[in-house]
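A structural model of the following input is requested.
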Amino acid sequence: MAEATAVLDRLAASNMFDLRGVVAVVTGGGTGIGLMMSSTLVANGAAVYIIGPDQIALDRIANTYNEAAEVSKRPGRMYGIAGDVSQKSEALRLANEVGKREKHVTVLFNNAGIHVGFAKQPTSATASAFREAYFDPVSEADFDKSIQTNAAGPYWLTFAFLPLLEKWKEYDGASRKFVPQVIMTSSMNGWTKDPRTGGMSFPYLYSKSAIGHATSSLAHELLPLGIRVNGIAPGLFVTEMTAPGTMDAAGQSHLPADKKFPFEIPATQPSEPGVQAEIGGTNRDMGSLVLFLVSNWFVNGETVLIDGGTLLKHPSSY
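So this is what the prediction gives:
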């Protein structure tokens, strides 16, 4: 009986996902998918540092969730630090800022990203029409900023935060059961062959393809340190990127009833009677994946596709 009780206790979600003592850093953690990640971590007891370009906006969202956590007697807290994740010098500064406040970091979420440089559908099957559609509207700045923010930035941040991640292994607190990890946000569009699923942004598709492959490469390189690298490849989630101007006071975006997307998402969220089913993934979907990756030490070098089956309907290399 005692042995079975111990097994059940060990396997209870309340124990597996108890993140008290965990320190997380989430770039882009104040909005969109990043906020889905950071709010999940706070809800389960972690100290979370959210990084973004606007300190006032970061403080506002952190205060909103900290007040809610205090009222509901949850131990997790959120803290904002402004910074430009695309710059090498900023990566070191951000790591130093977190290091002034924490002795270690458990998990770094390289999540921040931008979506710019949109092409068009060609009007005819001619070379000139394709150049007009794909070449003319996309600037060099769109490509440069996309690669720097979405792909190069996670490289700089990963190595800048390595000493803090390594120090986690020395921590003997209640959450020592978790091992240090870097988690990359790529996208289903790192594997798609249909640019419509990426909003016709080739700078975005290129950058997400790069970070998708880099995840496994970095995991291989960091094996001697015992620091894992895994990835999350989201499909459509309702955020400011996909539904701009709809964000509420809690940072949650909402899809307008007339909003349409040029690709099919087979999975739909269960709906209550009289309530329209949600399109795309929700914070609960993303949050449950975040908890899995943080708590499971046996997965390394993998990217988890969470797209509602979209790439089952569209050609891809995933």
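
can you map out the helices along the stretch 51-200 of the chain?
55-71, 88-101, 127-134, 140-146, 153-160, 162-168 (DSSP state H, counting those that start in this stretch).

average pLDDT across the first one?
Confidence over helix 55-71 (mean pLDDT, whole number) is 97.

Check which helices and strands that helix sits against.
Under the contact criterion of 3 or more Cβ pairs under 8 Å, 6 or more residues apart in numbering; DSSP states H and E, helix 55-71 touches helix 32-43, strand 47-52, strand 77-82. C-beta coordinates here come from the backbone N, C-alpha and C atoms, glycine included.

Counting neighbours, what do you get for Trp297?
Applying other Cβ atoms under 10 Å, we find 13 residues neighbouring Trp297.

With adjacent residues omitted, what lies nearest to it?
On the basis of Cβ to Cβ, 6 or more residues apart in numbering, the spatially nearest residue to Trp297 that is not a chain neighbour turns out to be Val179, at 4.6 Å.

my guess is the one you found contacts Phe298, does it?
No: taking contacts as Cβ atoms under 8 Å, Val179 lies outside contact range of Phe298: 9.7 Å.

Next, work out how far apart Gln87 and Leu41 are.
Gln87 sits 25 Å away from Leu41, going by Cβ to Cβ, to the nearest Å.

Now stretch 200-216: buried residues?
Buried residues in stretch 200-216, counted by 16 or more other Cβ atoms under 10 Å: 200-212, 214-216.

oh, I was asking about stretch 64-79
Across stretch 64-79, burial judged by 16+ other Cβ under 10 Å covers Tyr65, Asn66, Ala69, Arg74, Gly76, Arg77, Met78, Tyr79.

How about stretch 256-274?
For stretch 256-274, burial by neighbour count (16+ other Cβ under 10 Å) applies to Phe263, Ile265.

Let me see the confidence value for Glu240.
Among the per-residue scores, Glu240 shows a pLDDT of 74.

please begin residue numbering at 48 from this point
New numbering, starting at 48: the last item is Glu287.

Now for it: which residues touch it?
Thr78, Gly79, Thr293, Met294, Ser300 (Cβ atoms under 8 Å, 6 or more residues apart in numbering).

now stretch 79-94, how far from the centre of its chain.
Centroid separation for stretch 79-94 versus its chain: 10 Å, with Cα atoms, centre = their mean, to the nearest Å.

Sorry, wrong one. I was asking about stretch 296-312.
Averaged C-alpha coordinates place stretch 296-312 at 18 Å from its chain's average position (Cα atoms, centre = their mean).

and what of stretch 357-364?
Worked out by Cα atoms, centre = their mean, stretch 357-364 lies 21 Å from the chain centre.

Alpha carbons only: can I get that stretch in CSV?
Output in CSV follows, covering the C-alpha atoms of stretch 357-364 (Å, rounded to 0.1, in the frame of the first residue of the first chain):
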residue,chain,number,x,y,z
THR,A,357,-2.7,22.1,-40.1
LEU,A,358,0.3,20.4,-41.7
LEU,A,359,-1.7,17.3,-42.2
LYS,A,360,-3.7,19.3,-44.7
HIS,A,361,-0.8,21.3,-46.2
PRO,A,362,2.4,20.0,-47.7
SER,A,363,5.3,20.1,-45.4
SER,A,364,8.7,18.5,-44.5
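
Where is the longest helix in the protein?
As assigned by DSSP state H, the longest helix anywhere in the chain is helix 249-268.

what packs against the helix or strand where Leu336 lies?
Using DSSP states H and E, Leu336 maps to helix 330-342. Helices and strands touching helix 330-342, by 3+ Cβ pairs under 8 Å, 6+ apart, are helix 79-90, strand 228-232, strand 275-281, strand 350-353.

What are the buried residues along that helix?
Asn330, Asp332, Met333, Gly334, Leu336, Val337, Leu338, Leu340, Val341, Ser342.

Same check on stretch 235-244?
Judged by neighbour count (16+ other Cβ under 10 Å), stretch 235-244 contains these buried residues: Met235, Asn236, Gly237, Trp238, Thr239, Asp241, Pro242, Thr244.

Leu204: what's it in contact with?
Residues near Leu204 by Cβ under 8 Å, 6+ apart: Thr74, Val132, Ala138, Leu141, Ala142, Leu155, Asn157.

residues near the third one, how many?
Other residues within reach of Ala138, judged by other Cβ under 10 Å, total 24.

Next: Asp189.
18.

With Ser254 as the reference, measure out to it.
To Ser254, Asp189 is 10 Å away according to Cβ to Cβ.

Mutual contacts of those two, please.
Counting by Cβ under 8 Å, 6+ apart, nothing touches both Asp189 and Ser254.

So which of the contacts of Glu287 is the closest to Lys150?
Thr78 (28.3 Å; Cβ to Cβ).

pLDDT wise, what is the closest one at?
94.

Count the residues that sit near it.
Thr78 has 23 neighbouring residues, counting by other Cβ under 10 Å.

May I have the beta-bridge partners of Phe156?
Judged by DSSP bridges, the bridge partners of Phe156 are Val73, Ile230.
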